[in-house]
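> give me coordinates for this.
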Amino acid sequence: MLSKAGLAVAPLWVVPLWVTPFPPMVDYPQQLALAAILRWYGDPVRRFKETYELALWAPHGLFKLLVAGLAWVLPINVAGRLVVSLCLVAVGAAALALCRRVGKPPEYALLALALTYNYAFFWGFVDNLLAYPLALGGLALAEGLFERPFTVRSWLALAGVGVLFYTVHLQFLLLFAGAVGWLAICRLPGWRRLLLWLSPLLPGLAAGLAVMAYGVLRSPAGVISGYERRMRQGAPFRLPVTDKLSHLPDLLFGPTADRSSSISFALLAVVAALAVAWRARSSRPSDPPSEAGLLYRSRFATLAGWLGALYLLLPELRGGYLIAERVAPFALMVGVVALPPVLPARRRLVAFVAGALVVFQLGATLTGCLRFRAESAGVEELLAGTEPGQSLAGLIFQRGSASWPRMPVFLHFPAYYQVWKGGRILFSFAELFQTSARFRPGRSWDDLLSEWNEWSPHLFDHDRHAGRFRYFLVRGTAGDVADAFGDDPARLGLRGWRSGSWWLLERESPASAPGSVPSLPAP
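Numbers count the residues shown, from 1 in each chain. Model prediction:
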């Protein structure tokens, strides 16, 4: 009863996304800006077409396409939050389907749901948020297909999931292929049946590996921007295993300032301990013959184990991209399915603790989002008065939030100008290979980015860098504004407004058009 009630009110899980117009997700504004480019690409007022060209064949495009499609009937920020909300709720639904498929208590799906406000969420990795339910649902599908005659429809269904990962996330395409392969191997089929079961993964893997070989391994000039080439030259960064283990609460439940993630982690550990202590034998009638043995019965435990091992072995940062942190939440989502069924007499208590975890995590996230709404207030008011189709530079001196101080949640807020008004900003995800829109040849301002970017507002030099921009959006103190523009910005031909911690400055004589590329003055 408790589990059914919990799943019935699962939509309450996304309330934190709707109490603030700006989700506390680092990359989310950039992803929304790419969706805006797709939605209003031909709009002459927003002037996207002067600067960008579409690359709809690129990987990781599903979120942008979904949001752009919904933006025809909904405000784009509503459309973006709706897609993110569906991703979070879908994790619970997919985990429930997997639990039912393998004969585990449905309460375990609540544990997977509790893991969705994780490190990847606060980084704004929307493609990962799509990948979690797709992977869990795909594993449930594979489990069912392997238990009955494998027909053409079975092959097409599994192949469709694999190909869909191309549009979601290539790293999770590899993880999903490995997970399905492991579930197949654990059944100890003959080699012909094994090849038949695994062959549907080939189309998705072929597409993914081909684009990785072209755009990731070769890094050809003209395809990979100068910004991304410089980013990829960074040395890999690895943490010691002890540090990786100590970071697990923050990875699974968000890097909170009040350490509420540690309480959530403790509640998860209590559920796991109770499930193991009061485990019951599975009574699932559809289990295959006993000759499958321990390998089959432990297939999800070992699957979660090697996913956990990947987290421990992979670098935290490689080529400018976070790697290992993306894997840890998925490993635990699979791991909750590996928990044994609970004795009927103890099941209610286990369900109660699982429900307590969900309620606590929801409360902590909701509290943080309410605080974030107050912290982010003012930016919408300032940007509402700007003209569309212009160029805007962001100078985000204060990137963190009181709720998630170690996350640069305000880093990409300048991209909201593109979301609402079009035009262009200094740094855009269009600089990256795996995006649905890219800069037209010669339209990237890489000469600016090589001197100053979104991570280094202190390197902004008005005389060298300001000439291409009509607007400047600053988050910081009056001292930060003075450092960037002097004590009297009016002497530079700037007029400004302030709201909260946000400042908007405008050049009284408009800057060059978004597509033009004037030269930098000599140093």
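> list the buried ones in stretch 483-490?
Of all the residues in stretch 483-490, those buried under the rule 16 or more other Cβ atoms under 10 Å are 483-485, 489. For the C-beta atoms, the positions are set from N, CA and C on the backbone; glycine is no exception.
> among these, which are located in helices?
By the criterion of DSSP state H, membership of those in helices covers 483-485.
> how about the helices in the stretch 201-350 of the chain?
Taking DSSP state H, counting those that start in this stretch as the criterion, the stretch 201-350 of the chain carries its helices at 202-212, 226-232, 241-246, 248-253, 260-277, 293-297, 299-313, 324-338, 347-376.
> and these, which one's lowest on average pLDDT?
Looking over these, mean pLDDT reaches its minimum on helix 226-232, with a mean of 83.
> which strands and helices lie in contact with that one?
helix 446-449 (3 or more Cβ pairs under 8 Å, 6 or more residues apart in numbering; DSSP states H and E).
> could you give the average pLDDT over the helix it packs on?
91.
> and that helix, what does it pack against?
Using 3+ Cβ pairs under 8 Å, 6+ apart as the contact definition, the elements that helix 446-449 packs against are helix 226-232.
> buried ones in the helix it packs on?
For helix 226-232, the buried set under the neighbour-count rule, 16+ other Cβ under 10 Å, comprises 227-228, 231.
> just put these in CSV and tack on distance to F22.
Below are the buried residues of helix 226-232 laid out as CSV (distance: Cβ to Cβ, whole Å):
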residue, distance to F22
Y227, 25
E228, 26
M231, 26
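> closest one of these to F253?
M231 (28.6 Å; Cβ to Cβ).
> correct me if wrong: that closest one contacts S225.
No: with the criterion set as Cβ atoms under 8 Å, M231 and S225 do not qualify as a contacting pair; they are 9.1 Å apart.
> R297 - how many residues pack around it?
14 (other Cβ atoms under 10 Å).
> any idea how far it is from P340?
Note on R297: its distance to P340, by Cβ to Cβ, to the nearest Å, is 10 Å.
> ok, now which ones touch T386?
With contact taken as Cβ atoms under 8 Å, 6 or more residues apart in numbering, T386 is in contact with 392, 417, 421, 471, 504, 506.
> for the last one, grab the count of nearby residues.
Residues within reach of E506, counting by other Cβ under 10 Å, total 21.
> and if you look at the fifth one?
The number of residues packed around L504, counting by other Cβ under 10 Å, is 22.
> what's in contact with the host helix or strand of it?
Taking DSSP states H and E as the criterion, L504 maps to strand 502-507. Outside of strand 502-507, the residues within contact range by Cβ under 8 Å, 6+ apart are 378-379, 382-383, 385-386, 466, 469-476, 481, 485, 489, 493-498.
> filter these down to the buried ones and hand me the PyMOL line.
Here the buried members of those are turned into a PyMOL selection, burial being counted by 16+ other Cβ under 10 Å:
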select buried, resi 378+379+382+383+386+466+469+470+471+472+473+474+475+476+481+485+489+494
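> narrow the contacts of strand 502-507 to those in strands?
471-475, 494-498 (DSSP state E).
> greatest separation within the residues you listed: which pair is it?
R475 and R495 (18.5 Å).
> in stretch 443-462, what's buried?
Result for stretch 443-462 [16+ other Cβ under 10 Å]: buried residues 443-446, 448-449, 452-454, 457, 460.
> next: stretch 14-28.
Neighbour-count burial for stretch 14-28 flags 14, 16-17, 20-28 (criterion: 16+ other Cβ under 10 Å).
> then stretch 236-253?
Burial within stretch 236-253, assessed by neighbour count using 16+ other Cβ under 10 Å, is assigned to 238-239, 244, 247-253.
> could you look up the SS state of A402?
coil (DSSP: H, G, I helix; E, B strand; the rest coil).
> adding distance to N128, write the helices of the stretch 201-350 of the chain out as a markdown table.
Below are those laid out as a markdown table (distance: least, Cβ to Cβ, whole Å):
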| stretch | distance to N128 |
| --- | --- |
| helix 202-212 | 16 |
| helix 226-232 | 19 |
| helix 241-246 | 18 |
| helix 248-253 | 12 |
| helix 260-277 | 18 |
| helix 293-297 | 29 |
| helix 299-313 | 14 |
| helix 324-338 | 6 |
| helix 347-376 | 17 |
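> re the thing from before, closest one of the buried residues of stretch 14-28 to P133?
Sorting those by distance to P133 puts V14 at the head of the list, at 13.3 Å, by Cβ to Cβ.
> please verify my assumption that that closest one contacts C87.
No: the pair V14 and C87 does not pass the contact test of Cβ under 8 Å, sitting 9.3 Å apart.
> could I have stretch 123-136 exported to CSV, CA atoms only?
Extracted in CSV, the C-alpha atoms of stretch 123-136 (Å, rounded to 0.1, in the frame of the first residue of the first chain):
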residue,chain,number,x,y,z
TRP,A,123,25.5,20.1,-13.3
GLY,A,124,22.6,20.3,-15.7
PHE,A,125,23.6,17.1,-17.6
VAL,A,126,20.1,16.8,-19.2
ASP,A,127,21.4,14.1,-21.5
ASN,A,128,22.2,12.0,-18.5
LEU,A,129,18.8,12.6,-17.1
LEU,A,130,17.3,11.2,-20.3
ALA,A,131,19.8,8.3,-20.2
TYR,A,132,18.9,7.0,-16.7
PRO,A,133,15.3,6.0,-17.4
LEU,A,134,16.1,4.9,-21.0
ALA,A,135,18.8,2.5,-19.6
LEU,A,136,16.6,1.2,-16.8
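> and the most centrally placed residue in the chain, how far is that from P75?
Compute the mean C-alpha point of the chain, and by Cα atoms, centre = their mean the closest residue is F125, 1.3 Å away. According to Cβ to Cβ, F125 and P75 sit 23 Å apart.
> for P23, same thing?
Taken as Cβ to Cβ, the span from P23 to P75 is 14 Å.
> over to L115?
Spatial separation of L115 from P75 under the definition Cβ to Cβ is 30 Å.
> more crowded one of the two?
For L115 versus P75, the count of surrounding residues by other Cβ under 10 Å is larger for L115: 26 against 13.
> report the contact partners of the more buried one.
91, 252-253, 329, 332-333.
> what's the neighbour count on the nearest residue to it once chain neighbours are set aside?
Distances taken as Cβ to Cβ, 6 or more residues apart in numbering put P329 closest to L115, at 5.1 Å, once the chain neighbours are dropped. Burial measure for P329: 25 neighbouring residues, criterion other Cβ under 10 Å.
> got the contact list for P329?
In this structure, P329 makes contact with 115-116, 118-120, 132, 251-252, judged by Cβ under 8 Å, 6+ apart.
> run through the chain and note the low-pLDDT ranges.
By pLDDT under 70, the weakly predicted segments of the chain are 1-9, 214-223, 281-292, 509-523.
> measure G500 to E375 for me?
G500 is 8 Å from E375, where distance means Cβ to Cβ.
> and G363, how many neighbours?
12.
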